[in-house]
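Q: Quick one: sequence plus predicted model below, questions after.
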Amino acid sequence: MSVLEQLITKLPKTELHLHIEGTLEPEMVMALAARNGISMPYATSQELAAKYEFGNLQEFLDLYYQATAVLVVEQDFYDLTWAYLLRCQEDNVVHTEIFFDPQSHTDRGVSFETVVKGITRALEDAREKLNIESKLIMCFLRHLPESSALATWEEAQPWLSLIDGVGLDSSERDFPPSLFERVFAKAREKGLKVVAHAGEEGPSDYIVQALDLLQVDRIDHGVRITEDDALMDRVAQEKVALTVCPLSNTKLCVYDDMAKHPIFTLLDRGLRVMVNSDDPAYFGGYVNENYRALVTSLNPSSEQIIQLVRNSILASFMSDELKAHWL
Ligand code: ES4
Ligand code: ZN
């Protein structure tokens, strides 16, 4: 194993951009479909996995939402989350901040309670049995109207003690952050952390909107910030983190080659960027695999790798005490 490989494997890491529904591996899709008596248009997990070629974000999302239909009862959400946490243990991820998409379940008749109980029971078990800490972030689907986000916010009220933050995800183009100003203000008033996907496929102006209108604590993706020099200076100055997802960006054709990925350019300009897996079951790997892909294509120094890992700790929502422990 190379020195960099060893560093990647051995360093205790945090993950800040991970959709729990995006950890649904093809084998689990088929197993849960059988368990819940749901028919899928695929005969085998190999047949499903063969569909994982995407030309853009929307092509991925269409398949991702289709697969979530196999998640029905609380145990399904537990099993999904537990399987991801076991992968965290393998990759030496000691703290993870997990997104979930309640609307993709409640719109199918699965209750908010079922989803949140299944996920948080696994998170609690991981705290006790695996020593893995976590935060939970509820995302609003931006392709649905504001009224649906507001209704979801109301449904979440009995469960707020289990939820640490809100986010904004799904189809980015034509769905600017400005549409969700009111629901984000409500979340901030309740003391929740707020994040938003911006500048993944959408223009860098959506990053500005997320900062100024939603007042986010972090930007998810944010790679299209490279189109705006002044914004790069601002984000560096304000130490706003960008939760970058390298394999996601190449799988969804934001870059046609990992060699063109700007993560180290951004890092060297002083931006707080780090490495995350986004939807690892669909994009070809969990967090260590994302680091390895960067090493293979971009030949970083060990100092750069260490800085990415440190940035992830600094940008996390863990306590200052825990940050000091891991730094
Ligand atoms: C997502 Cl990669 C990505 N972008 C936007 N929304 C998402 N939901 C799940 N994965
Ligand atoms: Zn994402």
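A: Yep, that arrived. Ligands and ions are numbered 1, 2, ... in the order given.
Q: nearest residue to residue 121 other than its sequence neighbours?
A: Counting by C-beta to C-beta, 6 or more residues apart in numbering, residue 121 lies nearest to residue 78, which is 5.4 Å off, once chain neighbours are set aside. Every residue, glycine included, has its C-beta placed from N, CA and C.
Q: hmm, I was thinking of residue 292
A: That would be residue 8: by C-beta to C-beta, 6+ apart, it lies 6.5 Å from residue 292.
Q: Just say helix, strand or coil for the one you found.
A: helix (DSSP: H, G, I helix; E, B strand; the rest coil).
Q: for it, what are its contacts?
A: Taking C-beta atoms under 8 Å, 6 or more residues apart in numbering, we find residue 8 in contact with 288, 291, 292, 295, 305.
Q: So it versus residue 99, what's the distance?
A: 23 Å (C-beta to C-beta, to the nearest Å).
Q: Identify those among the contacts of residue 8 that sit within strands.
A: Judged by DSSP state E, those include no members of strands.
Q: Tell me how far the residue nearest to residue 292 lies from residue 305.
A: 7 Å.
Q: hey, what's in contact with both of those two?
A: With C-beta under 8 Å, 6+ apart as the test, residue 8 and residue 305 both reach 291, 295.
Q: ok, the closest residue to residue 228 other than its chain neighbours - contacts?
A: Once flanking residues are discounted, residue 228 sits nearest to residue 204: 4.3 Å by C-beta to C-beta, 6+ apart. Residue 204 makes contact with 224, 225, 227, 228, 231, according to C-beta under 8 Å, 6+ apart.
Q: And the pLDDT for residue 204?
A: At residue 204, the model reports a pLDDT of 98.
Q: Could you do the one 5 residues further on as well?
A: In this model, residue 209 is scored at 98, pLDDT.
Q: wait, it sits on residue 178?
A: Yes: counting by C-beta atoms under 8 Å, residue 209 touches residue 178, with 5.3 Å between them.
Q: And the helices in the stretch 101-250 of the chain?
A: Ranges of helices in the stretch 101-250 of the chain, per DSSP state H, counting those that start in this stretch, are 102-106, 112-129, 146-156, 181-189, 205-212, 229-237, 246-251.
Q: What sits closest to the closest residue to ligand 1 within the chain if chain neighbours are left out?
A: When distances are taken as C-beta to the nearest ligand atom, the chain reaches nearest to ligand 1 at residue 169, 3.5 Å away. Distances taken as C-beta to C-beta, 6+ apart place residue 139 nearest to residue 169, at 4.4 Å, with adjacent residues excluded.
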